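1. 3D model of this:
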Amino acid sequence: MKKALIILFYWPPGGGSSVQRWLHFSNYLPEHGWEPIVYIPANAQYPETDNSLENRIRSTTKIIRKKIFEPYNLYRKFTGISQGNNLPSGMTLKEKPGSIARIRNDISLWIRGNFFIPDARMFWIKPSVTFLKRFLHTEKVDLIITTGPPHSLHLIGYHLNKNTKIPWIADFRDPWTKIDFYSELKLTRLADRYHHHLERKVLQNANLIITVGEDMKKEFIAKGANNVEVITNGYDEEDLPKEKAIPDNKFSLLHIGTFSRTRNSEALWRAIQEILSENPDFQSDLEIKLIGNVDYSVIQSIEENNLKPYLHHIHYLPHQEAMKAAHSAQVLLLMINRSENAKGILTGKFFEYLTTGRPILLIGPTDGDAAKILKETETGKEAAFEDMASIKQIIIEFYQRYRHNNLFVNGRGIENYSRKTLTEKLAGLMDYATMKDQFKQE
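-> This is a model prediction of the structure:
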C-alpha cells in the first residue's frame, strides 16, 4: 500500500466545515490503496471544537502531532477573549463598530495581515520542515499533501518537496489572495506583493494543484499553475440522520455556519419584512434560524427590519446535531460571500444541504459554481445579491408550498458528491502524481 503524508491544521477535536474534507478523505483512502499519515499541531486553537468528531477518525490512521507556537493565545489576551470562548471565524465580529473591543480587533487584524505572512501559522513552517525531513529519512512516503488555508502548510510542502523530491499535491479549500476577506487584512503594498509571491511559488512548484471549484481552477491556471484538478467538497453518508427527519412546524429559514458581514444580504431581510407586512399568516408562521458564528452587521440588519422577534440564534451545534437541524428546516439559506471570488465559492455545507430534501435559497452569483450545481441537482432556486424582487418571489413560492405541505425537493445526481465517490477520484489523482516521469523535477 502506498503512503501519503497529509499535512493538516484542521482536525478533530476542531469543529466546523474545515475539518470535514480531509477527515473523510483519510478514512476512505485505504480502500483505494493509500495509507494516510496525518501530521497535525498538538496544541492548535480552533474557532470551534467538536469532540464527537474524534469518534469518526479511522482507528488505523497514523497521526503525528507536534506543538506549534500559537499566536492566538496573544490575540486572546489583547482582545479580551477568555480561554473558554471560541475564537472568531470567517472575519465575523460580534462587537459594535467603534467599540474598544472592535478597535482592538482592527489593530490585531492589521498586525496579522502585515506581520504574519501568509498567516498566523507561519511559525509552524520551519520546525515542521526540520522535523518532517528527519521523519522522511526513516519512513518511506510516496506522496506529500498539504491543504489550506492556512496556506503556511503549503510552504511546508514546498520545502519538503525541494529537499526530498517526493511528489507534492497542494489542495486549496479556499483561494489565497482572492479569499473573500483578503481586502480586510489592511495590507501594505509590500505585504500584498509578498503574499502574491508566495502564492505563485506554491502554484508553480507543486506537482499537482487541487481546488474545490472550476472558478478557482481558472484563476490558478492564469497565475501559472500547470496541473490543476477539481475535487469539490461533499457529504458523507455516515453524517446523515439515521431517523427520518420531522419538518419544523414553523416556516423556518435556516442558515448553518459562519454568517459574515460579506454574506449579509439587506435585500433578503427587506424582502422578508415586506412579506410580513402583506401577509398576517406569514407573521405567525415565520422563524429565522441561524446556527453558528454571526457578525454584528447581520444582527443589526435583522433588528433594523424588525425581524428580531422571529430570530432563533444558536451559537454552535455539533456536526450531527446541525445535520439534523438542516434535515428538519423548511428552507435552507446558502449565502455566498459578496467578494471578488464570489463565483467560485463552494462551501462544504452546500453539499450537505443537497442531501436533506429541503429546498435551498441561494443568494449570490446566479452564474457561479454553486448556482450551476444547484441547477444541475434541481435542489433549489437562486437570486442575485440585491435582487429583492426575485428573493421575495422565491420565498413566497416556498411559503405557499409549505402551506400546502408540498415543500420538498427530489434532487438528482447528488450521489456524485458523496465523499466515497470523491475519494475514488482523489486516489486516482494521487496515483497520477506519483508517476514522476509526468512531471519536470528540478
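2. Mark out where each domain of the protein begins and ends.
-> 2-69+116-234+419-438, 237-416 (automatic domain parsing).
3. Just tell me which of the ones you listed ends up closest to Leu109.
-> domain 2-69+116-234+419-438 (6.3 Å; C-beta to C-beta). C-betas here are computed from N, CA, C, even on glycine.
4. just how off-centre is that closest one within its chain?
-> Centroid displacement of domain 2-69+116-234+419-438 relative to its chain, using C-alpha atoms, centre = their mean, to the nearest Å, is 14 Å.
5. same thing with stretch 240-255?
-> The answer for stretch 240-255 is 22 Å, by C-alpha atoms, centre = their mean.
6. helix, strand or coil for His24?
-> helix (DSSP: H, G, I helix; E, B strand; the rest coil).
7. Count residues in the vicinity of the residue lying closest to it once chain neighbours are set aside, would you?
-> Closest residue to His24 in three dimensions, ignoring its sequence neighbours and counting by C-beta to C-beta, 6 or more residues apart in numbering: Arg419, at 4.1 Å. The number of residues packed near Arg419 is 23, by other C-beta atoms under 10 Å.
8. my guess is Arg419 contacts Asp236, does it?
-> Yes: at 4.4 Å, Arg419 counts as touching Asp236 under the criterion of C-beta atoms under 8 Å.
9. Just the strands from the stretch 1-150 of the chain, written as ranges.
-> 2-7, 34-41, 62-66, 143-148 (DSSP state E, counting those that start in this stretch).
10. about what we covered before: now do the same contact list for the residue nearest to His24.
-> Listed by C-beta atoms under 8 Å, 6 or more residues apart in numbering, the contact partners of Arg419 are His24, Phe25, Tyr28, Gly234, Tyr235, Asp236, Glu237.
11. Between those, which sits nearest Asn207?
-> Of the contacts of Arg419, the one sitting nearest to Asn207 (C-beta to C-beta) turns out to be Phe25, at 17.8 Å.
12. before we move on, the earlier item: give me the common contacts of Arg419 and Asp236.
-> His24.
13. What are the buried residues along stretch 287-303?
-> If you call a residue buried by 16 or more other C-beta atoms under 10 Å, then stretch 287-303 has these buried ones: 287-299, 301-302.
14. ditto for stretch 334-351
-> In stretch 334-351, counting by 16+ other C-beta under 10 Å, buried: 334-339, 341-351.
15. Narrow those residues to those in helices?
-> Gly348, Lys349, Phe350, Phe351 (DSSP state H).
16. about what we covered before: just the buried residues of stretch 334-351: which are in strands?
-> Those of the buried residues of stretch 334-351 mapping onto strands are Leu334, Met335, per DSSP state E.
17. Mind checking the pLDDT average for the host helix or strand of Ile209?
-> Using DSSP states H and E, Ile209 sits in strand 208-211. Taken as a whole, strand 208-211 has a mean pLDDT of 97.
18. buried set for that strand?
-> Per 16+ other C-beta under 10 Å, strand 208-211 contains these buried residues: Leu208, Ile209, Ile210, Thr211.
19. can you name the two of the residues you listed that are farthest apart?
-> Greatest spatial distance among the buried residues of strand 208-211 (C-beta to C-beta): Leu208 and Thr211, at 10.8 Å.
20. intersection of neighbour lists for those two?
-> Applying C-beta under 8 Å, 6+ apart, one finds that Leu208 and Thr211 are jointly contacted by Val228, Glu229.
21. worst-scoring helix or strand of this protein, pLDDT-wise?
-> Ranking every helix and strand in the chain by mean pLDDT, DSSP states H and E puts helix 72-79 at the bottom, with a mean of 55.
22. mind checking which of the domains of the chain is nearest Trp110?
-> domain 2-69+116-234+419-438 (4.6 Å).
23. If you drop the residues flanking it in sequence, what lies closest to Ala371?
-> Excluding its sequence neighbours, the residue lying closest to Ala371 (C-beta to C-beta, 6+ apart) is Glu382, at 4.6 Å.
24. ugh, wrong one, I meant Leu407
-> Distances taken as C-beta to C-beta, 6+ apart place Arg401 nearest to Leu407, at 4.3 Å, with adjacent residues excluded.
25. Just name the most buried of the strands of the stretch 1-150 of the chain.
-> The highest mean neighbour count among the strands of the stretch 1-150 of the chain belongs to strand 143-148 (a mean of 26), with neighbours defined as mean count of other C-beta atoms under 10 Å.
26. and the contacts of Arg419, which of them are in helices?
-> Using DSSP H, the contacts of Arg419 in helices are His24, Phe25, Tyr28.
27. so what's the first one up against?
-> Pointing back at His24 there. Counting by C-beta under 8 Å, 6+ apart, the residues that His24 touches are Arg56, Gly234, Asp236, Arg419, Thr423.
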